[in-house]
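S.K.: this one's structure only:
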DNA sequence: CATGAATGAGACTTCATTCAT
DNA sequence: CATGAATGAAGTCTCATTCAT
């Protein structure tokens, strides 16, 4: 689904991987700083301290570079979040850990998160000929949907449409990087607390009190 | 020299207004379809069936066109939502009406909403010299913040940070156009129902048996 | 040589002549104010308070309009200068009158003069397909050359190359509008006095004092 | 990103300098041939045998290219004239050397001189954001004004307004490139002789028999 | 007579990409 | 491996000109 990290199945030399990583880092920082559609290859190269041509040498094109950025950040986020989620013993706890770990990642690597959201919301994926935005969407929602289904079965969550609730959660979380990019001093703790509480209330079983019209 | 720089909406000819409206419509559709940064004046003109030059004839530049699109859609959305919200008698009802009217507007004019979100998230506002993204953000959150403050005072809402909750609401709602642009057959009723319920639960006062960790 | 003032030999209606004169005036003022290459038909029309189209209706194209401006101003200058020159009784007096009348015209109609020089120095003539810059040059020098030849024959002027001296005189005079366009408060009296003296000394017979090496 | 914005003439590669020089030369020739406002980057590139984009690669924009042309030619002219002027021992001699060296430069590099005058008279400087036409004017007149003041103090020149006389001298000299561009076979020797004599007569002290009206 | 809508050419600039060195 | 020169496409904007009303 996502572009391969390996070229023709052959592993890359150490120096090549280092260069690619350096370029990806420069791309992340550039996109986070000036926005996706102003992050030209020239600007990315300038930030990395290398020439335009070298980027083209290491990446088949801008598409591949952007795809690599997405893959790298996404993989990194997952590697950061997964253990924190798995450490939980309840589904509600997992949801809270999902939110917490995601926002903690933003605090630790704001540029990566801002860049990722920039790419996803600025049509960066549309520039990838082979990438399927739908598939990417689904891939993002899937862990949440499974979490919700399991939690509903166990009675920890009330009965709701898991797909829509997954979109709700992603929507709430994805709004943070945007706010973060506009105000770097954003109070993440406050957001973490409020978002966790709000989504906890939105997903927990409703007490027997009659619902308001 | 050009009509648009002289009068500010006061005395444009009928035919000019019609053309401007047509161009704005074409811009909306184009942006919704191919994304903001691929919606060139050429493509917009092609969709409108007119030449590139004619757009420049009616709009001082791309900036003015985009600004007009934002203004038009935003005004239209507000005109659609306001009466529905004002018809409510409770703050919780107003929040539900806010969500409902916003999503109903999306159902009625999906392209407009997609285009608006595209512009706002793709740095389109950054291309407008005078526009302040922060100010626009605040403008979007303000009605919600005021609604929440009033509702908290009346006891209809629990105690939460109104700014963060406003961002949550906008985040949830703004995720819909993106989903809508990827799946035009999206079940809006389902989303409406689920989002309304979720945000209702997230904002209403918590019953006396707290179970939060 | 110069573009015809009449169209196909047929005389124009009164109203048409009035419009043409109005447009020429607007063109003169526009060129004097913003320079030749920024004086678009649109700007000229705006200053005249009429539409772009109307200019095209009255003039075959921008070329004809510019040609008309040149012709009009040149004719006007000549009509102003000729009587003042003819009133003189000596050739040296005629030269002084030539300079004086030319600078007095600049004082009376600075815009016209600035516009004319703008056109001549900004390649405006090159835009006229049929106009021959050489011929125009010759036409400007001819009266001076004849004046010099007559004055040399009568002994009022020393022996010099009349063509070069004509270029010198035009060069000195043509430098004034440029200075005038940069400083509208230029002291024309001072320039008139100094230029007259300088050219008088440059053309009068040299006393028997041995020339300096 | 672009080499030219970073270092100011300090560390450009040899090949880059060569290209820049080639482009400047092509610009000079193009401007001299078709005039300033018709010398598009396309035409300049065509004459240099390179693509439009390459000019943008080496120069930040047309402004910088034109500025470079002005600087190059102006520096070159000064380097050519200064030693010839400094070799003189009298102020009158310096004035003659000023004229002579300037016209000799025109003979050696007619295109450069024509191009420079084209730019200066066609509003080319107005296209340069930072350039102040007034300052440039003053810069051109200043050496002459100082020369005149010194010469007047020493009694080699008569009493006249040094600013106006400087304008006279520049006006006379600047008329030559225009004539040269219309007739490449212009007799420069003749112009040199006549102009030198005329300005010599115009500035030297007047013998005791004034006959001015 | 006059307008203003409309077109299309041309200009400057940015950028991804290719390639010789 | 790496550079930087070079290209060409695409985009925005200006402008002279045409034409229906």
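M.R.: Yep, that arrived. What you are looking at is a predicted structure, and each value in this text was computed from that prediction instead of being measured. Residues are numbered from 1 along each chain as shown, chains lettered A, B, ... in the order given.

S.K.: And residue A:88, how close does it get to residue D:106?
M.R.: Distance, residue A:88 to residue D:106, by CB to CB, to the nearest Å: 86 Å. Glycine gets a C-beta too; all of them are placed from N, C-alpha and C.

S.K.: Tell me which of these two has more neighbours.
M.R.: residue D:106 (23 against 16; other CB atoms under 10 Å in any protein chain shown).

S.K.: List the contacts of that one.
M.R.: For residue D:106, the contacting residues are D:113, D:176-177, D:180, D:188, by CB atoms under 8 Å, 6 or more residues apart in numbering or on different chains.

S.K.: could you point out where chain A is predicted with low confidence?
M.R.: Chain A contains residues with pLDDT under 70 at A:1-12, A:124, A:126-130, A:208-213.

S.K.: In it, what residue comes closest to DNA strand F?
M.R.: Chain A approaches DNA strand F most closely through residue A:53 (1.9 Å), counting by CB to the nearest atom of the strand.

S.K.: In three-state terms, how would that residue be classified?
M.R.: Following DSSP: H, G, I helix; E, B strand; the rest coil, the label given to residue A:53 is helix.

S.K.: Neighbours of residue A:74, how many?
M.R.: For residue A:74, the count of nearby residues is 17 (other CB under 10 Å).

S.K.: tell me which element the spatially closest residue to it that is not a sequence neighbour is part of?
M.R.: Spatial nearest neighbour of residue A:74, excluding adjacent residues (CB to CB, 6 or more residues apart in numbering or on different chains): residue A:116 at 7.1 Å. Assigned by DSSP states H and E, residue A:116 belongs to helix A:110-121.

S.K.: follow-up on the earlier one: of the contacts of residue D:106, closest to chain C?
M.R.: residue D:176 (7.6 Å; CB to the nearest CB).

S.K.: what's the neighbour count on that closest one?
M.R.: Residues near residue D:176, counting by other CB under 10 Å: 27.

S.K.: my guess is residue A:27 meets residue A:39, correct?
M.R.: Yes. Taking CB atoms under 8 Å as the definition, residue A:27 is a contact partner of residue A:39 at 6.8 Å.

S.K.: can you list residues touching both of the two?
M.R.: Common neighbours of residue A:27 and residue A:39 (CB under 8 Å, 6+ apart) do not exist.

S.K.: Wasn't residue A:123 part of a strand?
M.R.: No. According to three-state DSSP, residue A:123 belongs to no strand; its state is coil.

S.K.: helix/strand/coil for the residue nearest to residue A:207 when sequence neighbours are not counted?
M.R.: Spatial nearest neighbour of residue A:207, chain neighbours left out: residue B:207 (4.9 Å); criterion: CB to CB, 6+ apart. What three-state DSSP gives for residue B:207 is coil.

S.K.: Could you do residue A:50 as well?
M.R.: Taking three-state DSSP, the label given to residue A:50 is coil.

S.K.: For residue A:63, see how far away it is.
M.R.: Residue A:50 is 19 Å from residue A:63, where distance means CB to CB.

S.K.: Residue A:84 too?
M.R.: 32 Å.

S.K.: and what of residue A:106?
M.R.: 26 Å.

S.K.: now do residue A:131
M.R.: For residue A:131, the distance to residue A:63 equals 8 Å [CB to CB].

S.K.: now residue A:51
M.R.: With CB to CB as the criterion, residue A:51 and residue A:63 are 20 Å apart.

S.K.: which of the two has more neighbours?
M.R.: Ranked by neighbour count (other CB under 10 Å), residue A:51 and residue A:63 place residue A:63 first, with 17 against 13.

S.K.: middle-most residue in chain A, spatially?
M.R.: residue A:74 (5.3 Å; CA atoms, centre = their mean).

S.K.: give me phi/psi at it?
M.R.: Note on residue A:74: backbone dihedrals following degrees, to the nearest 10 are phi -60, psi -40.

S.K.: I figured it was touching residue A:117, is that so?
M.R.: No. Using CB under 8 Å, residue A:74 is not in contact with residue A:117, being 11.6 Å away.

S.K.: need the residues of chain A near DNA strand F, please.
M.R.: A:13, A:15-16, A:19, A:50-54, A:56-58 (CB under 7 Å from any atom of the strand).

S.K.: List the residues that contact residue A:101.
M.R.: Each residue near residue A:101 by CB under 8 Å, 6+ apart is listed here: A:80-81, A:84-85.

S.K.: switch the cut-off to 6 Å
M.R.: Residue A:101 makes contact with A:81, A:84, according to CB atoms under 6 Å, 6 or more residues apart in numbering or on different chains.

S.K.: what about it, distance to residue B:39?
M.R.: 36 Å.

S.K.: Of all residues in chain A, which one is closest to chain D?
M.R.: residue A:42 (4.6 Å).

S.K.: And for that residue, the neighbour number?
M.R.: 14.

S.K.: Check residue A:22 too.
M.R.: Residue A:22, neighbours per other CB under 10 Å, totals 16.

S.K.: Kindly report the same for residue A:89.
M.R.: Neighbour tally, residue A:89, other CB under 10 Å: 7.

S.K.: Ok, residue A:24 next?
M.R.: That count, for residue A:24 with other CB under 10 Å as the rule, works out to 24.

S.K.: any idea how far the closest residue to chain C within chain A is from residue B:66?
M.R.: Closest contact between chain A and chain C, by CB to the nearest CB, is at residue A:38 (30.6 Å). Residue A:38 is 16 Å from residue B:66, where distance means CB to CB.

S.K.: who's more crowded, those two?
M.R.: Using other CB under 10 Å as the criterion, residue A:38 and residue B:66 rank with residue B:66 on top: 23 against 15.

S.K.: Backbone dihedrals for the closest residue in space to the more buried one that isn't next to it in sequence, please?
M.R.: Spatially, and ignoring its direct neighbours in sequence, residue B:66 is nearest to residue B:124 (5.4 Å; CB to CB, 6+ apart). For residue B:124, the backbone dihedrals (degrees, to the nearest 10) come out as phi -60, psi -40.
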